[in-house]
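1. just coords:
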């Protein structure tokens with residue numbers, strides 16, 4: 001029984017790695033394939049190690065024990081196929097590489113067929129053949145070695161072809177890890193049990209290093225990319241999953257739009273580097289206000305910022321919160337404009353607020369997704385912002401009705417482009 005301990009430990013390591021991979025990234029087809037490969041390797045090590053250490057009265061059973069090995073070979077090549085499909089090929093024709101991997105999978109299947117058909121030949125002339133070098137000259141050895149070598153060769157060639165396409169760094173690290181680990185797994189077929197356990201363990205560690213680096217780099221990328229999305233959109237996806245987040249919803253929200261006054265002339269009169277500094281300062285100031293009240297910045301468009309209140313995550317008192325955001329944005333942006341204004345080129349801030357039913361959801365193409373809101377309230381808030389003078393916050397009647405804010409002052413209805421009737425307005429005075 002003591003002789004079985006190395007195989008059991010190595011098997012448990014493989015199964016543990018498989019469980020870690022699938023739990024960390026179960027939605028990814030490539031991660032599922034890699035986890036399945038490790039699980040099959042773990043099962044193969046345990047079954048074959050137990051058979052040879054403990055012995056068996058039925059030699060034909062060893063042929064069936066080769067099926068996890070064959071399945072692991074097939075699945076790891078399937079993993080490579082799936083990875084290849086995630087890497088852009090440009091003008092390259094990838095069909096040859098795909099067919100080569102399919103042939104490698106067929107070769108892995110043949111190994112399983114040969115093992116079932118000639119189990120004693122596999123035991124006597126192939127497995128642990130390194131114990132007796134004379135086995136290398138026998139037919140039985142090459143009957144099983146050729147399918148395994150061919151499968152491994154197709155995998156290595158496929159990896160080299162894949163690296164020519166310059167995959168991104170995380171995938172490149174993981175693929176290289178698999179390539180380096182493959183020889184250690186393959187030699188374990190013919191090495192003595194104790195040595196085979198060591199080579200498999202080395203292969204597992206190399207694979208673990210590559211996979212860990214992959215997830216670390218992907219995590220760093222996710223943290224970087226999350227800065228381009230609102231935290232509310234990320235929370236929506238976390239709560240409901242991508243499928244439900246992609247569904248459209250029709251709901252009433254409040255929209256706040258702000259932009260700078262005098263920005264066009266300012267940008268023409270100053271170097272682009274200074275204009276970028278102004279925008280960065282302005283974006284940061286507005287972003288802090290919006291985050292404080294739980295709004296969502298939908299768009300940055302030059303000096304214009306579109307803010308959603310009540311989507312993607314619902315807010316019961318969205319109108320009142322929208323008015324408070326507008327007030328905070330005016331104060332914060334005014335500080336920014338005072339810092340950057342000078343004689344001859346002064347900056348200001350105008351804000352428009354409107355409430356109404358809009359359609360919201362994630363839309364986009366196969367290469368880019370975006371959270372969007374479509375409806376009259378979005379257009380009205382934008383138009384009100386255009387009409388607002390420096391320091392003015394113009395608020396639509398529906399927002400005033402919902403917000404119930406005594407500070408709001410009624411204004412004369414205004415003709416707004418795109419609206420048939422004059423629009424009733426309210427003003428949020430400074431202070």
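-> On my side now, so go ahead. Bear in mind the structure is a predicted one, so any value in this text is a computation, not a measurement. Residues are numbered from 1 along each chain as shown.
2. residue contacts, residue 329?
-> Contact partners of residue 329, counting by Cβ atoms under 8 Å, 6 or more residues apart in numbering, are 256, 258, 286, 289, 290, 305, 307, 349, 351. (C-beta placed from N, C-alpha, C; glycine too.)
3. Using a markdown table, please lay out those together with secondary structure.
-> What follows is the contacts of residue 329, written out as a markdown table (DSSP: H, G, I helix; E, B strand; the rest coil):
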| residue | secondary structure |
| --- | --- |
| 256 | strand |
| 258 | strand |
| 286 | helix |
| 289 | helix |
| 290 | helix |
| 305 | strand |
| 307 | strand |
| 349 | strand |
| 351 | strand |
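4. residue ranges with poor pLDDT in the stretch 201-350 of the chain?
-> Scanning the stretch 201-350 of the chain with the threshold set as pLDDT under 70 gives 221-247.
5. Which of the helices or strands spans the residue nearest to residue 382 when sequence neighbours are not counted?
-> Distance criterion Cβ to Cβ, 6 or more residues apart in numbering; nearest residue to residue 382, sequence neighbours excluded, is residue 257 at 4.9 Å. Take DSSP states H and E as the rule and residue 257 turns out to sit in strand 249-261.
6. And for residue 363?
-> Per DSSP H and E: strand 348-364 holds residue 363.
7. For that strand, buried residues please.
-> Buried residues in strand 348-364, counted by 16 or more other Cβ atoms under 10 Å: 348-356, 358, 360-362.
8. Mind jotting down where the helices sit in the stretch 101-250 of the chain?
-> Secondary structure of the stretch 101-250 of the chain (DSSP state H, counting those that start in this stretch): helices at 119-121, 139-164, 169-187, 193-226, 231-245.
9. What helices and strands are in contact with the first one?
-> Packed against helix 119-121, as judged by 3 or more Cβ pairs under 8 Å, 6 or more residues apart in numbering; DSSP states H and E, are the following elements: helix 61-64, helix 139-164.
10. wait, which of the helices of the stretch 101-250 of the chain is closest to residue 46?
-> Across the helices of the stretch 101-250 of the chain, residue 46 has its closest neighbour in helix 193-226 (11.1 Å, Cβ to Cβ).
11. buried ones in the closest one?
-> Buried residues in helix 193-226, counted by 16+ other Cβ under 10 Å: 193, 195-197, 199-204, 206-208, 210-211, 213-215, 217-218.
12. got it, and stretch 160-179?
-> For stretch 160-179, the neighbour count (16+ other Cβ under 10 Å) marks 161, 162, 167, 170, 171, 172, 173, 174, 175, 177, 178, 179 as buried.
13. so which of these comes closest to residue 73?
-> residue 178 (12.7 Å).
14. Could you measure from the closest one over to residue 92?
-> In this view, residue 178 and residue 92 are 21 Å apart by Cβ to Cβ, to the nearest Å.
15. before we move on, back to that, got JSON lines for the buried residues of strand 348-364, with distance to residue 295 too?
-> Putting the buried residues of strand 348-364 into JSON lines (distance: Cβ to Cβ, whole Å) gives the following:
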{"residue": "348", "distance to residue 295": "22"}
{"residue": "349", "distance to residue 295": "17"}
{"residue": "350", "distance to residue 295": "18"}
{"residue": "351", "distance to residue 295": "13"}
{"residue": "352", "distance to residue 295": "15"}
{"residue": "353", "distance to residue 295": "11"}
{"residue": "354", "distance to residue 295": "14"}
{"residue": "355", "distance to residue 295": "13"}
{"residue": "356", "distance to residue 295": "16"}
{"residue": "358", "distance to residue 295": "14"}
{"residue": "360", "distance to residue 295": "13"}
{"residue": "361", "distance to residue 295": "18"}
{"residue": "362", "distance to residue 295": "18"}
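16. Next, residue 413: secondary structure please.
-> Under the three-state scheme (three-state DSSP), residue 413 adopts strand.
17. Surely it is in contact with residue 426?
-> No - applying Cβ atoms under 8 Å as the test, residue 413 and residue 426 come out as separate, 10.8 Å apart.
18. quick one on the thing from earlier: mind listing what the residue nearest to residue 382 touches?
-> Applying Cβ under 8 Å, 6+ apart, we find residue 257 in contact with 304, 305, 306, 307, 351, 352, 353, 381, 382, 384, 385.
19. can you check residue 167 too?
-> Residue 167 neighbours (Cβ under 8 Å, 6+ apart): 83, 87, 175.
20. What about residue 287, how many residues nearby?
-> 18 (other Cβ atoms under 10 Å).
21. what ranges do the strands span in the stretch 1-150 of the chain?
-> For the stretch 1-150 of the chain, applying DSSP state E, counting those that start in this stretch gives no strands.
22. Return, as residue ranges, the portions of it with sub-threshold pLDDT.
-> Residue ranges of the stretch 1-150 of the chain with pLDDT under 70: 1-6, 49-59, 89-91, 130-131, 133.
23. again, only using 90
-> 1-66, 68-69, 79, 81-98, 118-141 (pLDDT under 90).
24. secondary structure class for residue 371?
-> The three-state assignment at residue 371 reads strand, by three-state DSSP.
25. is it true that it touches residue 359?
-> No - the pair residue 371 / residue 359 is not scored as a contact, 11.8 Å apart, by Cβ under 8 Å.
26. Taking their axis directions, the helix or strand residue 326 falls within and strand 249-261 sit at what angle?
-> According to DSSP H and E, residue 326 maps onto helix 318-340. Angle of helix 318-340 versus strand 249-261, following axes from the mean of the first three to the mean of the last three Cα atoms, to 10 degrees, is 20 degrees.
27. Buried residues, helix 318-340. List them.
-> Result for helix 318-340 [16+ other Cβ under 10 Å]: buried residues 318-330, 332-334, 336-337, 340.
28. before we move on, what about stretch 110-129?
-> 110-112, 114-116, 118-119, 121-129.
29. who's in contact with that stretch?
-> 48, 52, 59-64, 66-67, 69-71, 73, 135-136, 138-141, 143-145, 147-148, 151, 189-193, 196.
30. Run a quick check on residue 404 versus residue 320, I expect a contact.
-> Yes - between residue 404 and residue 320 there is a contact under Cβ under 8 Å: 7.3 Å.
31. List the contacts of residue 82.
-> 29, 30, 33.
32. Can you give me the domain boundaries for the chain?
-> 2-226, 231-427 (automatic domain parsing).
33. who does the strand holding residue 363 touch, helix- and strand-wise?
-> Under the contact criterion of 3+ Cβ pairs under 8 Å, 6+ apart, strand 348-364 touches helix 231-245, strand 249-261, helix 318-340, strand 369-374, helix 376-387, strand 393-396, helix 397-403.
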